[in-house]
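requesting a structural model of the entry that follows:
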Amino acid sequence: MRRFNLYPGKKREFEFIPRIINPVKISHAAIFSADEQVRKASEALQENMPWVKVEVLRNPLSASNYTSQHASVLMFDDVALNIVDVEKIKKNNKDAMLVLLSSNPAIHCSAPAISQEKFPHTSKADLVFAINRSEFAPEKILPAVVRCAEDKLNIEKYSRARRFIFLIVDDEPRWFSQFLPLLYNIIGQRADVMVTRTYEETLRFLFGVTDKAEINGENYLLQGRGDDVVCVITDIFFPKGDKLSSDAGRALCHIVKNYYPRIPLIIASKAKEGDDLKDFAFIMPKGDIGSLDILKNYIHDFTGMRNFIIQNKQGDINYRIQDIHDLFEVLLKAEEDTADARELRDLLEKYGRKDYFSTWLYMHGFREIGDKLRPRQDRGQRLVTTLKRHIIREILRMHYTPLIIDGMKIFTLRDLLKILHTIEPEKIQNFSDNDYFSIWLDRKGYSELAEEFRPIHGSGVKLEKKLAEVVEKWIKFYEKRGRTV
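Take a look at the predicted model:
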């Protein structure tokens with residue numbers, strides 16, 4: 001495996017600019033609940049998201065009078081949301097998201113309209129999550145609740161810049177309460193999540209309309225947020241109009257396939273009504289033992305999150321690309337004058353048309369290359385040459401792109417390990433909170449290490465020690481593979 005190392009001596013350094021997906025960060029969280037388990041979960045939330053100031057409110061008056069100049073999330077149980085003054089909270093807090101943590105099993109598995117009819121307080125919340133004492137334990141899901149609220153706030157109210165969004169379509173809170181903690185551990189700070197619960201809400205998000213007939217085939221890319229979506233994970237049964245039927249999921253899948261064929265479609269459902277969609281969608285029996293692990297592997301392999309998978313026409317995996325160095329090696333093979341190389345160029349051309357290269361590059365921190373490749377429709381040898389030119393340039397640049405912590409420059413894994421052993425823990429906090437470590441490691445070609453770093457959060461010596469242990473472990477692995485670290 002070819003690894004690029006430039007000659008030592010005087011060199012130009014390049015600035016490392018991490019990508020920020022959410023310009024507005026939720027920095028304050030408040031919990032008002034009579035449930036001791038929910039209140040106790042504030043400790044786990046603070047440990048997992050140390051950049052968020054967590055407060056437990058004691059009575060309806062303090063909750064109704066809550067005021068913050070910062071982006072905030074307020075979490076209530078069923079009783080609490082019934083008795084607080086929601087309008088006052090919204091008026092006094094410009095960037096507040098209200099979340100219902102419901103312990104009511106009927107709300108867990110009900111569509112929005114049904115919940116709002118039987119339990120009117122559910123309509124007051126921006127998001128509804130399921131909690132209980134086992135599967136949906138509050139301490140497990142609260143970090144995902146805060147992150148989902150932050151994503152929704154930013155998507156709907158702030159940056160219109162190019163984003164990367166996982167769209168989750170399901171009317172039952174129990175499903176995304178189960179799934180989102182797993183998903184956020186995978187994506188880290190690389191993408192956002194949007195949850196929609198009805199057919200009309202989903203079309204409005206994707207296309208800016210509520211009916212298929214209103215989609216404009218000429219300018220649909222400029223309407224809604226569909227061009228930002230990197231994966232759709234959908235149920236088959238959810239509300240369309242006044243009915244709960246499979247028509248909603250089936251219709252949505254066909255619309256996405258027609259207008260956005262590049263978007264991976266995952267159908268999370270056991271319903272047989274989805275079987276005839278398996279030619280262009282991945283079917284995952286929701287709730288089966290091991291189903292979340294299957295879903296996790298698919299997301300890793302087909303949404304740009306981990307490996308770049310190149311499959312032949314028969315569906316066999318020809319190449320599993322882990323990092324930008326591996327991609328360069330594949331491009332060298334594609335330049336050869338052989339039948340295998342011509343077939344590989346055909347496959348690369350297909351992936352280029354579907355925007356797979358730019359998506360994978362975005363997810364691994366190569367924003368500039370992704371921006372340059374995305375509008376292009378190069379073919380054959382020209383595509384290979386274009387990719388190769390941009391990628392070798394980036395590989396060479398990253399050799400001289402340090403991660404700077406407290407004025408100290410980090411070029412190698414051993415530099416990073418040394419810093420983690422000696423620097424004050426508070427000086428690395430921001431780098432961990434915002435995935436800066438993982439983004440830099442991805443760009444350096446240490447994607448496996450970046451993946452293990454991504455879900456690690458915390459504070460103080462405990463965080464620093466954990467990060468150092470992981471780096472030390474991977475240094476040994478990489479050295480055994482013959483890599484310079």
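
pull out the buried positions in stretch 350-367.
With burial defined by 16 or more other CB atoms under 10 Å, the residues of stretch 350-367 counted as buried are 351-352, 355-367. To be clear about C-beta, it is placed using only N, CA and C from the backbone, and glycine gets the same treatment.

same thing with stretch 27-46?
27-33, 35, 38-39, 41-42, 44-46.

looking at those, which two lie furthest apart in space?
Of all pairs drawn from the buried residues of stretch 27-46, the one with the longest distance (CB to CB) is S27 and D35, at 24.5 Å.

need the contact partners of the worst-scoring helix or strand of the chain on mean pLDDT.
Between all helices and strands in the chain, the lowest mean by mean pLDDT, DSSP states H and E belongs to helix 367-373, at a mean of 80. Here helix 367-373 makes contact (CB atoms under 8 Å, 6 or more residues apart in numbering) with 19, 162, 352, 357-359, 361-362, 386-387, 390-391, 394.

dump the residues you listed to CSV, plus secondary structure.
Compiled in CSV, these are given as follows (DSSP: H, G, I helix; E, B strand; the rest coil):
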residue, secondary structure
R19, coil
R162, coil
G352, helix
F357, helix
S358, helix
T359, helix
L361, helix
Y362, helix
T386, helix
L387, helix
H390, helix
I391, helix
E394, helix
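
adding distance to D276, write these out as JSON lines.
Output for the contacts of helix 367-373, formatted as JSON lines (distance: CB to CB, whole Å):
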{"residue": "R19", "distance to D276": "39"}
{"residue": "R162", "distance to D276": "34"}
{"residue": "G352", "distance to D276": "29"}
{"residue": "F357", "distance to D276": "30"}
{"residue": "S358", "distance to D276": "31"}
{"residue": "T359", "distance to D276": "27"}
{"residue": "L361", "distance to D276": "34"}
{"residue": "Y362", "distance to D276": "32"}
{"residue": "T386", "distance to D276": "38"}
{"residue": "L387", "distance to D276": "36"}
{"residue": "H390", "distance to D276": "40"}
{"residue": "I391", "distance to D276": "40"}
{"residue": "E394", "distance to D276": "42"}
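
out of these, flag the one nearest to K286.
In terms of CB to CB, no member of the contacts of helix 367-373 lies closer to K286 than T359, at 25.0 Å.

ok, that closest one - contacts?
Counting by CB under 8 Å, 6+ apart, T359 has contacts F164, V230, R262, T303, G304, G370.

how about 6 Å then?
Each residue near T359 by CB atoms under 6 Å, 6 or more residues apart in numbering is listed here: V230, G304.

ok, it to A341 distance?
24 Å (CB to CB, to the nearest Å).

do the same with Q46
From Q46 to A341 the distance is 55 Å (CB to CB).

again, but for K278
32 Å.

what about these two, which has more around it?
A341 (16 against 10; other CB atoms under 10 Å).

grab the nearest non-local neighbour of the more buried one.
A334 (5.5 Å; CB to CB, 6 or more residues apart in numbering).

do a quick rundown of the helices in the stretch 351-485 of the chain.
356-363, 367-373, 380-399, 413-422, 429-433, 436-444, 447-453, 460-480 (DSSP state H, counting those that start in this stretch).

how about the contacts made by Y319?
Y319 neighbours (CB under 6 Å, 6+ apart): I310, V330.

N93 versus that one, what's the distance?
Relative to N93, Y319 is positioned 50 Å away (CB to CB).

now do D276
Taking CB to CB as the measure, D276 falls 47 Å from N93.

mind checking which of the two has more residues around it?
Comparing D276 with N93 by other CB under 10 Å, the one with more neighbours is N93, at 20 against 9.

quick one: contacts of the helix or strand where R39 lies?
According to DSSP states H and E, R39 maps onto helix 36-48. If you take CB under 6 Å, 6+ apart as the criterion, helix 36-48 is touched by I31, S33, V54, V56, P138, E139, L142, P143, H457.

let's go with 8 Å and repeat that
Under CB under 8 Å, 6+ apart, the answer for helix 36-48 is 29, 31, 33, 52, 54-56, 75, 77, 101, 131, 133, 137-139, 142-143, 146, 457-459.

how far off centre is it?
From the chain centre to the centre of helix 36-48 is a distance of 23 Å (CA atoms, centre = their mean, to the nearest Å).

what do you get for stretch 287-299?
On CA atoms, centre = their mean, the centre of stretch 287-299 falls 16 Å from that of its chain.

all helices for the stretch 201-350 of the chain, in order.
Using DSSP H, counting those that start in this stretch, helices in the stretch 201-350 of the chain cover 246-259, 291-302, 324-334, 339-353.

and the stretch 1-150 of the chain, by the same measure?
Ranges of helices in the stretch 1-150 of the chain, per DSSP H, counting those that start in this stretch, are 36-48, 60-64, 78-83, 86-92, 105-108, 112-118, 138-157.

elements contacting the longest one?
Using 3 or more CB pairs under 8 Å, 6 or more residues apart in numbering; DSSP states H and E, the elements in contact with helix 138-157 are helix 36-48, strand 72-76, strand 96-102, strand 127-130, helix 173-187, strand 192-196.

which residues sit against the shortest one?
Where contact means CB under 8 Å, 6+ apart, the residues beyond strand 127-130 that reach it are 97-103, 107-108, 115, 122, 136, 141, 145, 148-149, 152, 173-174, 176-177, 195.

with only the CA atoms kept, save that strand in CSV.
Output of strand 127-130 as CSV, limited to C-alpha atoms (Å, rounded to 0.1, in the frame of the first residue of the first chain):
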residue,chain,number,x,y,z
LEU,A,127,-40.3,16.6,19.5
VAL,A,128,-41.8,13.5,21.3
PHE,A,129,-39.6,10.7,22.7
ALA,A,130,-40.6,7.5,24.5
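
mind checking pLDDT for Q223?
Note on Q223: pLDDT of 87.

next: S438.
As predicted, S438 sits at a pLDDT of 94.

surely it meets R454?
Yes. Here S438 reaches R454: they are 4.7 Å apart, a contact under CB atoms under 8 Å.

so for the two, which residues contact both of them?
With CB under 8 Å, 6+ apart as the test, S438 and R454 both reach G188.

of these two, give the one with the bigger neighbour count.
Shown here are S438 and R454; by other CB under 10 Å, S438 has more neighbours (27 against 22).

got the contact list for the more buried one?
S438 is in contact with G188, Q189, A450, E451, F453, R454, counting by CB under 8 Å, 6+ apart.

low-confidence ranges in the stretch 301-450 of the chain?
Counting by pLDDT under 70, the stretch 301-450 of the chain contains low-confidence ranges at 375-377.

one more pass at 90, please.
Along the stretch 301-450 of the chain, the parts satisfying pLDDT under 90 run over 301-307, 311-318, 323, 343, 345-387, 390, 394-399, 433-434.

V52 is in contact with V145, isn't it?
No. Using CB under 8 Å, V52 is not in contact with V145, being 11.2 Å away.

tally of neighbours for R382?
With other CB under 10 Å as criterion, R382 counts 13.

the one 10 residues further on now?
Using other CB under 10 Å, the number of residues around I392 comes to 14.

so it touches E329, yeah?
No. Look at I392 against E329 with CB under 8 Å: they stay out of range, at 11.4 Å.

just the angle for the helix holding R39 relative to helix 138-157, thanks.
For helix 36-48 against helix 138-157, the angle by axes from the mean of the first three to the mean of the last three CA atoms, to 10 degrees is 70 degrees.

pLDDT on helix 36-48, on average?
Taken as a whole, helix 36-48 has a mean pLDDT of 94.

same thing with stretch 147-155?
Mean per-residue pLDDT for stretch 147-155: 97.

identify the residues contacting that stretch?
Here stretch 147-155 has contacts from 21-26, 71, 73, 95, 97, 99, 126-127, 163, 165, 176, 180, 184, 192-195, 225, using CB under 8 Å, 6+ apart.

many thanks, I have nothing further to ask.
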